[in-house]
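*Asks:* Turn this into a model:
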Amino acid sequence: MSRTGSLFVLLLLLLCTLLYIYQFDSARYLLKLSHKDKTLAKLSVSDVLSSLSSDNSFVATSSEVELDSFDNSLGDIAINTTKVEGPVQVIVLARMRTGSTLCGEIFNQNPELFFIFEPLHSFKVLQMSEDDSLEEESTDLLKKLYKCKFPRMFIQTLARWSIGKGKSRKILPICQETDGCAKATPSQFQRVCTKSGHVVTKTIRANVKMLKPLIKFHGINLKILHLMRDPRGTASSRRSYYTPKKRGGPEGVGKRSLHELGLLSTSQDSKKNTIPKLCAWMKETLKDALNKPTWLQDQYRLVRYEDLAEDPIRLSQHIYDFIGLELPPVVLKWIHNNTESDNSRSKHQFSTRKNSSRASTSWRGRLSLEEVLAVQDICGDVMASLGYKKLYTQEELENYSLPLVEPIKLDKDLMIM
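*Replies:* Next up, the predicted model:
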């Protein structure tokens, strides 16, 4: 064979070898793609490619894939998805005085999670998300926080807001070491956050649509807990919040009605969190979720505060099952100690130490029948959708044996009950 012929054969062999390595590595990459089911599934490579091209439901590096056999024909793949790998991010989506502090503490008490209390506090004017630019800024901030990036603006807000830093077991130590966070740096936050991996936020200043870019365009595995409460209970709690306090006087002295406080106002210019605004938000966000957009599938669950308050340990277990993490004993202990208390009349606005079941129905002894009927008139449609029964007489209002929360018929993949 001539010298030219030998070189040609060598080049041909080298080309074949490189082609084989490329095909082999490509196949191995495909085998590392994750699957969302919790069972061991058999998929062909064509199935994987089809899923990748259709809806991006497979995400690399989120779970391990075990190879049963591999040959030139690329046979079946055994995918082990019994445990989701990688960080899971969570948001508790709620409104003011709906029990979100209690729900948030179920995560804050977990030492493995980086919990952030009201990260959008600096955007307080955002109520119904009518300001598109502000909504975009809020979404951008959430995106950064879920990636453990902390803008100085966020840290400066914490430095001025004692409740925000005091409600996070991960953030408080940082602030204690940095003059109340006045001297804290983004890198300090990032180190602690990255070590935890999983980030949880609780906010009363967002809506469902705001979260779409985080999931669809930024690749954040965001689990959404949509917390709802009977508007009558929220109305009672807001009345207490907005009523001017008389120092040294007994609780309830000088308490004004919902109407006197402007909480029943239909004006969009009101700076208060009114009941019409609340129920408009409930109706709109519930509609967004029940439409079942593809980007929201497997990422969303509705939670009623009354269900959580009635059986906090069982609901908390279901919540942790949904997000794919274990419910640690320290959280179970905290739930028991803070939801079985007789201190249902705590004077602290953001206290969670109370009998949760009793607190969820306390509005029946605090609102007048006139106020109840007014709230029902404003919120009747969304109340019906969520299983909250109306009442019409003083006798019904005072009859605590009369249940006002009914099961609702929603798909199991939409609600935690």
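*Asks:* Could you spell out which stretches of the protein belong to which domain?
*Replies:* 31-84, 89-148+197-416 (automatic domain parsing).
*Asks:* any idea which of these is most buried?
*Replies:* Comparing the domains of the chain by mean neighbour count (mean count of other CB atoms under 10 Å), domain 89-148+197-416 ranks first with a mean of 18. From N, CA and C alone the C-beta is placed, and that goes for glycine too.
*Asks:* measure that one end to end?
*Replies:* Start-to-end span of domain 89-148+197-416 (CA to CA, to the nearest Å) is 18 Å.
*Asks:* avg pLDDT for that domain?
*Replies:* Averaging pLDDT along domain 89-148+197-416 yields 88.
*Asks:* Serialize the domains of the chain to TSV and add fields for distance to I174.
*Replies:* Below are the domains of the chain laid out as TSV (distance: least, CB to CB, whole Å):
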stretch	distance to I174
domain 31-84	28
domain 89-148+197-416	11
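*Asks:* Please name whichever of those is nearest to T185.
*Replies:* Closest of these to T185 is domain 89-148+197-416, at 13.5 Å (criterion: CB to CB).
*Asks:* Tell me which helix or strand the spatially closest residue to I323 that is not a sequence neighbour sits in.
*Replies:* Excluding its sequence neighbours, the residue lying closest to I323 (CB to CB, 6 or more residues apart in numbering) is K223, at 4.6 Å. In this structure, K223 sits in strand 222-228 according to DSSP states H and E.
*Asks:* so how far is that strand from its chain's centroid?
*Replies:* Between the centre of strand 222-228 and the centre of its chain there are 4 Å (CA atoms, centre = their mean, to the nearest Å).
*Asks:* same thing with stretch 174-182?
*Replies:* Once both centres are worked out by CA atoms, centre = their mean, stretch 174-182 turns out to sit 27 Å from its chain's centre.
*Asks:* so which of the domains of the chain gets nearest I163?
*Replies:* Here domain 89-148+197-416 is closest among the domains of the chain (CB to CB), at 6.7 Å.
*Asks:* And the helices in the stretch 151-300 of the chain?
*Replies:* 152-160, 162-166, 171-176, 186-196, 212-216, 231-242, 275-290 (DSSP state H, counting those that start in this stretch).
*Asks:* Of all those helices, which one comes closest to E105?
*Replies:* So among those, helix 162-166 is nearest, using CB to CB, at 12.3 Å.
*Asks:* and the closest one, what does it pack onto?
*Replies:* helix 152-160, helix 171-176 (3 or more CB pairs under 8 Å, 6 or more residues apart in numbering; DSSP states H and E).
*Asks:* Let me know which of the ones you listed is the nearest to E118.
*Replies:* Among the helices and strands packed on helix 162-166, the nearest to E118 by CB to CB is helix 152-160 (9.5 Å).
*Asks:* Can you give the contact residues for that closest one?
*Replies:* Residues outside helix 152-160 that contact it (CB atoms under 8 Å, 6 or more residues apart in numbering): 119, 121-122, 141, 145, 164-165, 171, 175, 180-182, 184-186, 189.
*Asks:* got the angle for that helix vs helix 186-196?
*Replies:* 90 degrees (axes from the mean of the first three to the mean of the last three CA atoms, to 10 degrees).
*Asks:* And the helices and strands packed on helix 162-166: which comes nearest T203?
*Replies:* That would be helix 152-160 among those, by CB to CB, at 12.9 Å.
*Asks:* and the closest one, C-alpha only, in CSV?
*Replies:* This file holds the C-alpha atoms of helix 152-160, laid out as CSV (Å, rounded to 0.1, in the frame of the first residue of the first chain):
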residue,chain,number,x,y,z
ARG,A,152,-27.9,46.1,47.8
MET,A,153,-31.3,47.6,47.6
PHE,A,154,-32.8,44.5,49.2
ILE,A,155,-30.2,44.5,52.0
GLN,A,156,-30.8,48.2,52.6
THR,A,157,-34.5,47.5,53.0
LEU,A,158,-33.8,44.8,55.6
ALA,A,159,-31.5,47.2,57.5
ARG,A,160,-34.5,49.6,57.9
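*Asks:* So that it lines up with my notes, have the first residue be 70 from now on.
*Replies:* Okay, using 70 as the starting number, the last item reads as helix 221-229.
*Asks:* Quick check: closest non-adjacent residue to the spatially most central residue of the chain.
*Replies:* By CA atoms, centre = their mean, the mean C-alpha position of the chain lies nearest to I160, the distance being 2.2 Å. Distances taken as CB to CB, 6+ apart put T270 closest to I160, at 5.1 Å, once the chain neighbours are dropped.
*Asks:* May I have the beta-bridge partners of the one you found?
*Replies:* Beta-bridge partners for T270, by DSSP bridges, are I160, I185.
*Asks:* Spit out the contact partners of it.
*Replies:* Per CB under 8 Å, 6+ apart, neighbours of T270: V159, I160, V161, F184, I185, P188, L211, L214, Y215.
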